[in-house]
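Asks: sequence-free structure coming up:
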Ligand SMILES: Nc1ncnc2c1ncn2[C@@H]1O[C@H](COP(=O)(O)OP(=O)(O)OP(=O)(O)O)[C@@H](O)[C@H]1O
């Protein structure tokens with residue numbers, strides 16, 4: 001938790017003044033029982049009304065001052081805690097947005113959402129409590145103990161005897177509840193993951209009549225969370241009653257011994273009342289302290305989770321300046337024309353999360369302006385292959401080169417500007433159609449937006465929408481069909497005018513005629529663009545300049561359609577399976 005105090009630095013003033021005002025309130029509060037004792041002993045006992053009124057007025061004034069100080073402290077606490085939360089959230093967001101896919105896979109989206117929202121909220125609350133109570137509560141405890149020692153030292157020994165018992169209770173509860181809080185947060189992540197999966201996949205769940213199964217899965221995770229919450233709650237809930245029990249025991253003992261002291265004339269009645277007041281103050285302060293300890297135990301587990309994210313560094317970073325210089329030498333246009341635009345040299349890759357080798361010793365060369373088809377069975381590594389180009393992941397061994405330069409030597413910005421990628425899953429944002437296409441290039445003119453839509457075969461359907469290009473896209477593109485969404489994501493990639501366009505099975509929802517028209521249109525409008533077309537359909541890639549056939553992460557064949565039909569068994573099988581199924585279905 002200590003590391004996160006850096007985010008409190010801009011609020012140093014609030015963090016110092018807040019507790020000072022709270023301390024002022026505590027001092028005034030501590031003086032009240034003594035004032036009460038004075039009022040009883042010198043005013044009530046001696047029937048001195050003016051003394052009672054004078055002390056009473058002083059006590060009212062002190063209470064008002066104490067209340068005012070408390071308000072000021074709360075104001076500072078709110079400023080500091082909200083400011084701290086905002087800074088930390090922004091920092092986390094910035095940090096997470098720099099993560100590569102490897103770190104995103106490692107933490108998981110739901111867990112990251114929980115860490116940036118619920119964990120930061122918990123820390124924010126801890127900061128507010130830290131300012132408001134962390135000094136006040138122990139100060140009241142110690143101050144009331146000292147005041148009671150001044151009143152009657154022997155009687156105060158009862159209180160001191162209660163202290164180690166309270167310490168033991170606190171130790172017992174915290175040592176058992178702290179690990180449970182961490183487990184609780186992890187289970188909360190699981191719930192968030194299930195909710196996110198279910199909401200994004202709601203149509204699939206309904207289509208497969210899986211609602212019952214999903215409800216059960218959620219109920220199980222929810223029950224698991226509740227069981228942990230109940231276990232931790234059961235332990236934490238012991239704290240207040242046990243504290244009450246010990247201190248009420250102490251009060252009974254004090255009343256007993258205090259009575260004896262009064263009989264012996266060593267203590268006045270007013271002093272005994274003041275003594276009981278101090279014990280009540282200690283009791284309340286201890287309850288606050290124990291709740292604070294629970295709060296900080298929770299906060300410390302949240303701080304651990306937040307720090308874990310902040311300490312994780314992106315495995316994919318910009319190169320050192322010398323390497324950038326190398327990449328800049330790529331400006332040599334002559335060289336660009338001679339070297340292959342893309343080269344995979346002995347590339348092998350495995351995801352960190354599983355450790356399995358997904359691509360093995362891949363060697364491929366692609367020339368500028370070529371259209372390259374990538375085909376293979378599901379899970380053969382096609383998407384992984386293209387994700388190595390924009391460095392969504394880094395190769396495990398070997399090299400990926402663009403224009404003869406290792407992709408690791410480009411700045412990420414420069415590299416990713418060269419590549420337009422249309423992912424398998426069409427993701428759109430809320431906003432108009434124009435805004436969604438312009439997402440790729442904010443400076444694009446209306447004409448450029450229209451041209452990109454035209455090439456992507458989207459112009460016609462957009463014109464048919466009630467507000468044309470100004471039609472609103474619902475969150476996730478819910479008001480568009482799968483094929484319409486795909487065409488918009490293609491337009492969004494085309495508007496960046498990339499050197500390399502990657503279509504990762506992104507025309508799968510298009511009919512054969514639109515699919516063919518799309519490929520023709522891309523070829524006509526962007527002759528210099530190198531296009532990588534991942535597809536499960538032979539018909540989509542058969543005209544490509546070369547076709548890469550992947551099988552279990554290895555290259556099974558490279559060549560043109562006709563050559564592969566003669567030389568590559570895997571390609572033949574895919575081709576035959578598709579032509580027979582087409583014949584069967586026709
Ligand atoms: N983020 C990931 N973490 C761990 N393993 C992954 C990840 N993404 C893919 N894989 C695994 O890598 C292998 C190749 O996956 P990839 O998505 O590249 O295949 P693909 O050929 O594109 O499949 P499809 O045609 O179904 O899209 C699969 O075994 C898959 O389970």
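Replies: Ah, there it is. Not measured: the values here are computed from a predicted model.
Asks: Tell me the secondary structure at residue 392.
Replies: Here residue 392 takes the coil state, with states given by DSSP: H, G, I helix; E, B strand; the rest coil.
Asks: how about stretch 264-272: buried residues?
Replies: Across stretch 264-272, burial judged by 16 or more other C-beta atoms under 10 Å covers 267, 268, 270, 271, 272. (Each C-beta comes from the backbone N, C-alpha and C, glycine too.)
Asks: Which residue comes closest to residue 165 once chain neighbours are left out?
Replies: The spatial neighbour of residue 165 that comes closest, neighbours along the chain excluded (C-beta to C-beta, 6 or more residues apart in numbering), is residue 246 at 5.3 Å.
Asks: and the residue of the stretch 51-200 of the chain nearest the ligand?
Replies: Nearest to the ligand in the stretch 51-200 of the chain, going by C-beta to the nearest ligand atom, is residue 105, at a distance of 4.8 Å.
Asks: For residue 298, give me its contacts.
Replies: 122, 126, 181 (C-beta atoms under 8 Å, 6 or more residues apart in numbering).
Asks: Do a quick rundown of the strands in the chain.
Replies: Secondary structure of the chain (DSSP state E): strands at 342-350, 357-366, 371-376, 397-402, 405-406, 419-422, 431-432, 472-473, 500-504, 530-534, 546-551, 554-559.
Asks: Serialize those to TSV and add fields for distance to the ligand and mean neighbour count.
Replies: Below are the strands of the chain laid out as TSV (distance: least, C-beta to the nearest ligand atom, whole Å; neighbours: other C-beta atoms under 10 Å):
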stretch	distance to the ligand	mean neighbour count
strand 342-350	8	19
strand 357-366	4	18
strand 371-376	6	24
strand 397-402	15	18
strand 405-406	22	19
strand 419-422	13	23
strand 431-432	28	14
strand 472-473	25	18
strand 500-504	7	23
strand 530-534	7	24
strand 546-551	7	23
strand 554-559	12	18
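Asks: Serialize those strands to a markdown table and add fields for distance to residue 384.
Replies: Listed next are these as a markdown table, based on distance: least, C-beta to C-beta, whole Å:
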| stretch | distance to residue 384 |
| --- | --- |
| strand 342-350 | 6 |
| strand 357-366 | 5 |
| strand 371-376 | 11 |
| strand 397-402 | 12 |
| strand 405-406 | 18 |
| strand 419-422 | 13 |
| strand 431-432 | 31 |
| strand 472-473 | 29 |
| strand 500-504 | 10 |
| strand 530-534 | 11 |
| strand 546-551 | 9 |
| strand 554-559 | 12 |
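Asks: if we can go back for a sec, go through the buried residues of stretch 264-272 and name the one nearest the ligand.
Replies: Here the nearest of these to the ligand, counting by C-beta to the nearest ligand atom, is residue 272; it sits at 71.2 Å.
Asks: Within range of the ligand, give me the residues from the stretch 301-450 of the chain.
Replies: 351, 353-354, 358, 376, 378-384, 424 (C-beta under 6 Å from any ligand atom).
Asks: so which of those residues comes closest to residue 30?
Replies: residue 353 (57.3 Å; C-beta to C-beta).
Asks: coming back round to it: top of the contacts of residue 298 by neighbour count?
Replies: Most neighbours among those, by other C-beta atoms under 10 Å: residue 126, with 24 neighbours.
Asks: That one and residue 96, how far apart?
Replies: In this view, residue 126 and residue 96 are 22 Å apart by C-beta to C-beta, to the nearest Å.
Asks: Can you name the residues that contact residue 26?
Replies: 135, 136, 139, 140, 143.
Asks: My guess is the residue of the stretch 51-200 of the chain closest to the ligand contacts residue 387. True?
Replies: No - assessed by C-beta atoms under 8 Å, residue 105 is found out of contact with residue 387, at 11.7 Å.
Asks: What score does residue 333 have for pLDDT?
Replies: pLDDT recorded at residue 333 is 47.
Asks: I meant residue 584, not that one.
Replies: 48.
Asks: now do residue 209
Replies: 68.
Asks: With residue 62 instead?
Replies: 93.
Asks: Let me see the contact set for the closest residue to it other than its chain neighbours.
Replies: Excluding the flanking residues, the one nearest residue 62 by C-beta to C-beta, 6+ apart is residue 28, at 4.6 Å. Applying C-beta under 8 Å, 6+ apart to residue 28 gives the contacts 62, 63, 65, 66, 69.
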